[in-house]
Every structure is written in structure tokens, then in C-alpha cells.
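Undergrad: no letters, just coordinates:
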């Protein structure tokens, strides 16, 4: 891939070329793909983040846990040393220091055992995030530049110590670094409001013996001080040896020294890491606001053409933990012209920072990986990074999905347009990561899957399924579960728990987790052997955000300038289309051919520009070439109107205005769209798509916020669609029309990833079929030339997706009494009870039921005459996993969706015994562990509510 450079007179956007390449996987035929769907290879199976808590690990326990994960259907582990969970009993175990001989011995134990049993290993670089070490030399530690701005009394003398300023502006980081050292860079007295830099009074000559003395004039004034903190923050959750100061990610020599130090220490003892690990991993690039390095000012001058230091005190906001902005209204108010200039300087500052991080961190890491014969996996985004281009540097780019975030949005229950986060399992960053992968031909796109810091003990397998399916819709093709805690059996229940959904053999659902892992592996086996079909590009207003707000490219940013951007790609996919994000850098290097924006393997015939105010003359020139050849550009909300960056901006503004004027001469191809007044972007996009005949692969008669789809194309030009119902309690119905361009000459199939089976898909002559998607259901609709014959397995009405609504009428409700046998695995006790009416355990006053966790076997008898015996049973609401027996014979198990079973082979005239085994979640019992540190952290201190448990019903029989 050639280097990308975008010249904006004084603004240079630089893209370092890809330094490592992913080994090409063999191309699979349709028959081979279906074989993989039935029995996926290990590489498609979910991996799991394996926290080595406090690095208090022993060989025997590591081996035991590897086997437990292997048996549960896990394909690989991400070895992730981390700090020890606060308050947990260490059991007098010895912490092993990162990179010590003893620690490396444990790596070798895992590498050898994983190879023996057929599992993959990834290894995190460093420990915690962002990485660093206690032994890091002072000149390799991260730095931050912060602005102090306070109103001062007017018309009287002011005396203030620098120590007081340092104390007030002390970085509000997650883990305070005791080694931090402040240094005054500049200090000014500025009027409020300000009209320009000339209003600021330099006070650097008014300091004596660490005290500032100045006579403040009459009027309103602000005291500004620019402070540089060296060694300003510590690694978050670093394990022994890899805690301490954060590395300076903008210093290429420091980055290379750190990476070489890690690999050299390991390889001198066990040989090349390339023979042991699939990839080296980098966790969240949450740099705590790191924005400075030793030559930043020099680099800024060379790249932007002017000195940033006089401007910086007035460009920065008040920030806190992780560099999050605490206040955008900081310091003196500014005149409109000065505000405009300050914003432009802020863009130049953010751009310079992004370039340095891109070149010196990811560029250096890429060269290191190439030199070492290693591959990389990374979450290549965060405050300060290019959201698209950085992921292009990575062999296995990674996003993240969450079980919940700090707003506790309800996955599977809501998905409104009023907040782009509500109900989404994927984070807003995923689409950037997957778009970057699509444009560089990468198919393995991983996610830190279903990150969990809240519902640790109350997350169900169904919840994980729905959230990770939504993640797949955003472009993710491989799950890395979050996570498995190293925890010896002798640790007090529930064990050592640092983070994460409780992937552990002590979890009540562990005996069933292989069903989820098999499910995800089947989907991954298809997604990783095909390319998502996307022919619409979206240019977000990210550089406007950098200009007015600074970089906010986090999974959950504090604020966005255009918060509905992700709703645009969602609407495109929910109406049968496919889209990727692009950037000004991508457009600069793209080739326009036959009315398409061509970049790498991708071609886009339609471009949405979403409320972009500022762009580059080069971007406008590329748009002109695009529309002249017949491409369509839709400007949502506004036309671009000005340039980016400070120097010579008036001339570049004129170039933008003139270019937009020329584009307006193509009214059929350069189109302004107004935002929907009601904020409903799905309905808005339906109308836009119809009016302008926008491309879509399939026609969905009843688009719905919970009905999500992607199209993929395989190497042998077969097509498949992944379609899911993201609602966990409601079904969705729609007609879908598959065009002849997809169906002609091909066989049509429904692949069920829950079972690994398939059945023919029957379409009418127009390619249409009616579908009912039950709650939480996902299917693949496959069009290929695989014409093998097979014997279809019997299907219930839930699995019969064609032929309209086929839900039968209930003819009998199974009443009580119900005989219960309860087994509590932690208490190792079993007892019986009787319920006349089915009830949710969480609503019962008796704590024996309310605080229960484990299995409950419900038994009831129903008498049937010999006429019209029922064919199905619907158990109604079940919390959580259920197994059914009819007359002592196994009738199946359900871990998601409608709990409806085909009972035709088992039912008879006369008395019939219905037996339902329910496995509950753990959380209600965890509520009772008042003195347990894990319970305190994840349940009691968070005031978590009780969750539903048991067979709740109603239980109905159907003809």
C-alpha cells in the first residue's frame, strides 16, 4: 500500500504504510464453507481474555484452566496480566514480576499446553492500559500539557504561588503517579472577553522565588498558566513490574525500546515468540490525555508552519480522567473572530498529535512486528488517534462491544434514535474499525466482546448472544470474550474477579456455554471467509469535532458534535444496504473510476457527507471528479463551507466556497438533504432511498429498528445475508425480496447457526418470501451453487421462517400444582417445594426462593384425550436456560429465544408428565454475600436489582 499524504497548504495528513500483512487464508468453496459451518476450525472459535490476577499464577492451575476453556468451546486465550482484585484473599500466593524468569516460565507452560491441546495464544504488550512500567526511564515517560484558567480579583494586587497553581491543575488521572513533576511553560493575564492574542499580558517576568506577583487592572480578568507534567499518570491495573509510569507513545525510540525489551526478555529464554503466539495485543489506547512530547512544538512548526505555544493556553479545555473534557466553557469568552482562530489552531494541534501517534507509535510497532515475525492485534483508537487510518496498520484490528455502559442502556429492549447508544451492543467505534479492515482487505476483525463491569453475575447467555450478534452487524467477525479470571479453586466463592462477564466453571450457565461458543464459531466461519458488501460511503464530521471539541473518538465519548452519525449507517443496513466510513485522507488517496470511489478492494458509488462544515480543498476536488463521472453525493444538514487549520485559511476558505459552487452545478448528483424534524432516521432514510433510488441489496418490506442485516460475498461469488432480530422478547415479521442478480443460477438456503444445520429457502418467482424472526433469532440466508442433497431435520414452527405468520392457537394451559426440586450448587444442598401457581422467584418474599441460584426441576401432569394431541409446548417466560422432558424423554434445551418445543414424538393420550429443568443466573444469591469483596464491587455497591429466576410461564400446549 502506498503512503497516504494529504496536503492542505499548511495541513499535512500523513498515513504510514502498512508494515505487516496478514497471511492469506485458503479460499474455500461453498461446500467447504458449509463444512466449516457444521464443524468450525479452532481459529473461528471465540477467544477469551484471560486475566492473570496479580500474576499470582501457578503452572498446575494454568493448565487446569486451559483445559476448562478448551472443553467449553474456547479457541484461544489472550494472556493478560493485570493487578490483583482489590480486597480479595491472595491465599499467600507469590506475585510473579512481569518479564521475570519465573513469569516467563509460566508463559512457556501455557504456550506448550495450548499447542498440545490445539488452542491459540495472544499476548498483551505490557499490562493494564496504557502500558508502561515501574522501571521506565524518566525520558521515556508520557507527558501532558494542561491549561490553568481562573478568574482573578480586579483592581488589586495578586500574589499566587506556582505550587498552588500546580496543585489546582494536578492531572485528574485514574491512577496518580507519585513521580509526576510540573513545569511552568507560560503564564498570562487575559481580559474576559478576549479579541485576540495581543490582549494577553505575558507574566513570565513577574515570578520570583516561585511566587507570581501582579497588579490586576480594573475590569474582568483571567489568569492563564500552561503547565507541563512529566510522568503525569500511571498504568491502570498494571501487574507487578508493568505498573508505574505510562510510556510516551509519541516517542518512537521509547516505543521501540519498550517493545524490544519485552520480546528480548522473553525470547532469550524460550526462543522466538512468533512460534508461540498468534498475535501481540494492545488494549485500550486510553492515554489519560497524553498530548505532548519533547519535540512537539518543533514538529508542529514544521508541519503547520507557525509556533503553537502562544495559542495553546487558549485552545485547551478543562479535562479530567482519561483526558475527558470536564468543561468546554473554560477561561475567557472569545470574540467570534478569535474563537474561529482558536478553533483552527486546536485542529492543527489535534492533527499534529494524531500524526505523531500514528507514525511514532503504530508505525514503530508495525516495523517491530515485521522485524520479529509477529502479527498485531490492537484497539487502534482513542483520544488522539485517527479512527480509521490507525486500524489500517493492524493485522487483526479490534473494536469492542459492551453488556452495558455507564448509562445502563438495555440491549434487546430498546433501540431508539434519540440516543445512538441506547440498546446497542456495539460501540460507535466498531464501524470505523470494520470500515478500515474492509478497505485494506482484512477479514479477521475482532472485538473485546461484551465488556462487563456492571452485570458481571447477571448476564445471561442469551444476552451475550444478542450483544455479540449486534457486534457482528457492525462488522466484527471474531469474538474475544471479556473474560476469564485466573482463580484457584480454593479461592472463596465466586473467586478472584477483576472484571468481566463471569466466564468461569462456577457460573451456573457454564455447562451450557459451549452452545454459545459453537454458535459464535459457526458465524465466524462464514464472516471470516467473505467480504462485507458495502457500496455506500459515509464521511463523518470528525475534523469539525477536532476543531471545536478536540478528539472524542472513544467507544463512549463524553460528547459528539453530530451524535446521530451512526444512525445513518444503521438505517442503510436496516433497509437492505451496506455502508462504510471514509475520511478526508481516504478520499485524497482514492481513485475515481466509472463514477466510483475506489480504495483498496472497495468501490462506493454513493457518498453521504454528514453535517461537515470544514474540509480540505483536495476533498472538494475529489468530489468534483466523483460527481462528474456520475457518483452521487448527499450532504446531510449543510454543505461544506470552510477549510481546516489556521495558516492561510482565508485563501483556502475561498477555494472551498468556489468548489462547492461548482458542485452545485450538478443538482442530480450533489444533493442537500435536510435532517428529519422528528429525529427518526430510519424512516427518513427510507424516503431518501426511495426518492433517489439508492442502492440496496435486498428489499425489506417492513424495516424495523430491531431488524438488522449485512450482506457478504464469498471467494466463489456466493452471497449470504446475516439477519437478526435484536429484540429479546418480541418477534418481527417482514417480506424480503432477493433480486435476480443474487438468486439467479444459485441454490437458496437458510443456515441456522444455533444448530449448524440448513434447510432450503423457498422463494416465489419474484424472489420474495415472508419471514418471522422470533426474539433473539439470527439466520444466514445463503445463495450458492452447492447443490448437494441432504435430509432436512424436522423443524418447529419457530424455525419455519417462510409462509407467513404460522403461530398456532393454544388449546390448553398447563396449570399447577408444580412439584419443584431445587439444587443450590454453592450450598451443595437439594430440597423440594410445591407451587400451585408459577411465580418469578425475584418477586417472592421467601428468601429461599428470592436469593436462589442453581437448578430447579419443575414437574406437572397433564391429561389429554386421544383427539388432536398437541404438537408444541410453549413454556412462556423462563429465566434462564431450560431443558424439557416429556414422559421422561428428552425433548430439547433452549438457551435463547422463545421456549417453544416440538413434542409430537413424546406426547400421548392419557396422563403426561412435563418436566422442566431451569438453570438460573447467579446474581440473586450474590446479593446475600455481604462480606464478599466481589459481591460488594459488582452487586451491592451498585445497588443491582434482583433478576428474574425460574419457570414463570404461562405454559401452553398448541395444536
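TA: Yes, it's here. In this text, all values refer to a predicted model and were calculated from it rather than measured experimentally.

Undergrad: any idea which helix or strand in this protein has the lowest mean pLDDT?
TA: strand 4-8 (a mean of 37; mean pLDDT, DSSP states H and E).

Undergrad: per-residue pLDDT, residue 180?
TA: As predicted, residue 180 sits at a pLDDT of 96.

Undergrad: look at it and say how many residues are nearby.
TA: 20 (other C-beta atoms under 10 Å). (C-beta placed from N, C-alpha, C; glycine too.)

Undergrad: how about the contacts made by it?
TA: 170-171, 229-233 (C-beta atoms under 8 Å, 6 or more residues apart in numbering).

Undergrad: equivalent analysis for residue 784, please.
TA: 30, 33, 714, 716, 718-720, 746-747, 749.

Undergrad: now do 7 Å
TA: By C-beta atoms under 7 Å, 6 or more residues apart in numbering, residue 784 lies in contact with 30, 718, 746-747.

Undergrad: which one of the contacts of residue 180 is nearest residue 956?
TA: Distance to residue 956 across the contacts of residue 180 (C-beta to C-beta) is lowest for residue 233, with 58.5 Å.

Undergrad: for the closest one, list each beta-bridge partner.
TA: As for beta bridges, residue 233 partners with residue 176 under DSSP bridges.

Undergrad: from residue 132, how far off is it?
TA: 9 Å (C-beta to C-beta, to the nearest Å).

Undergrad: and the pLDDT for the residue nearest the centre of the chain?
TA: Closest residue to the average C-alpha location of the chain: residue 400 at 2.0 Å, with C-alpha atoms, centre = their mean. pLDDT for residue 400: 93.

Undergrad: quick check: closest non-adjacent residue to it.
TA: Closest residue in space to residue 400, ignoring its immediate chain neighbours: residue 448 at 4.1 Å, by C-beta to C-beta, 6 or more residues apart in numbering.

Undergrad: same deal with residue 917?
TA: Per C-beta to C-beta, 6+ apart, closest to residue 917 is residue 883, 4.3 Å.

Undergrad: could I get the average pLDDT for the host helix or strand of the one you found?
TA: Using DSSP states H and E, residue 883 falls within strand 881-886. For strand 881-886, the mean pLDDT works out to 98.

Undergrad: ok, back up a step: next SSE downstream of the helix or strand the residue nearest to the centre of the chain falls within?
TA: For residue 400, the host element (DSSP H and E) is strand 396-402. Once the chain leaves strand 396-402, the next helix or strand it forms, by DSSP H and E, is helix 430-439.

Undergrad: contacts for that following helix next, please.
TA: Contacts for helix 430-439 (C-beta under 7 Å, 6+ apart): 381, 387-388, 391-392, 397-399, 445, 447, 471, 474-476, 532, 534, 566, 569, 580-581, 586, 599-600, 602.

Undergrad: contacts only, for residue 901.
TA: 872-873, 884, 891-892 are the contacts of residue 901 under C-beta under 7 Å, 6+ apart.

Undergrad: quick check on the nearest residue to residue 202 once chain neighbours are set aside: phi, psi?
TA: For residue 202, ignoring the flanking residues on the chain, the nearest one in space by C-beta to C-beta, 6+ apart is residue 188 at 6.0 Å. Backbone torsions of residue 188, given as degrees, to the nearest 10, read phi -140, psi 150.

Undergrad: neighbours of residue 188, how many?
TA: The burial count for residue 188: 20, using other C-beta under 10 Å.

Undergrad: pretty sure it contacts residue 198?
TA: No. Judged on C-beta atoms under 7 Å, residue 188 makes no contact with residue 198 at a distance of 11.4 Å.

Undergrad: residue 840: neighbour count?
TA: There are 18 residues near residue 840, going by other C-beta under 10 Å.

Undergrad: ugh, wrong one, I meant residue 333
TA: There are 13 residues near residue 333, going by other C-beta under 10 Å.

Undergrad: ok, it - contacts?
TA: 192-193.

Undergrad: 10 Å - rerun?
TA: Contacts for residue 333 (C-beta atoms under 10 Å, 6 or more residues apart in numbering) come out as 191-194, 220, 222, 339.

Undergrad: and for residue 541?
TA: Counting by C-beta under 10 Å, 6+ apart, residue 541 has contacts 547-548, 560-562, 565, 609-615, 636-638, 640.

Undergrad: try 7 Å this time
TA: Neighbouring residues of residue 541 by C-beta under 7 Å, 6+ apart: 561-562, 610-613.

Undergrad: and residue 398, by the same measure?
TA: By C-beta under 7 Å, 6+ apart, the neighbours of residue 398 are 377-379, 433, 446-448.

Undergrad: just flag the most distant two among these.
TA: 378 and 447 (12.3 Å).

Undergrad: neighbour count winner among those two?
TA: residue 447 (33 against 26).

Undergrad: which helix or strand contains that one?
TA: Judged by DSSP H and E, residue 447 forms part of strand 446-451.

Undergrad: got a list of contacts for that strand?
TA: By C-beta under 7 Å, 6+ apart, strand 446-451 touches 377, 379, 396, 398-403, 430, 464, 467-468, 471, 476, 478-482, 501.
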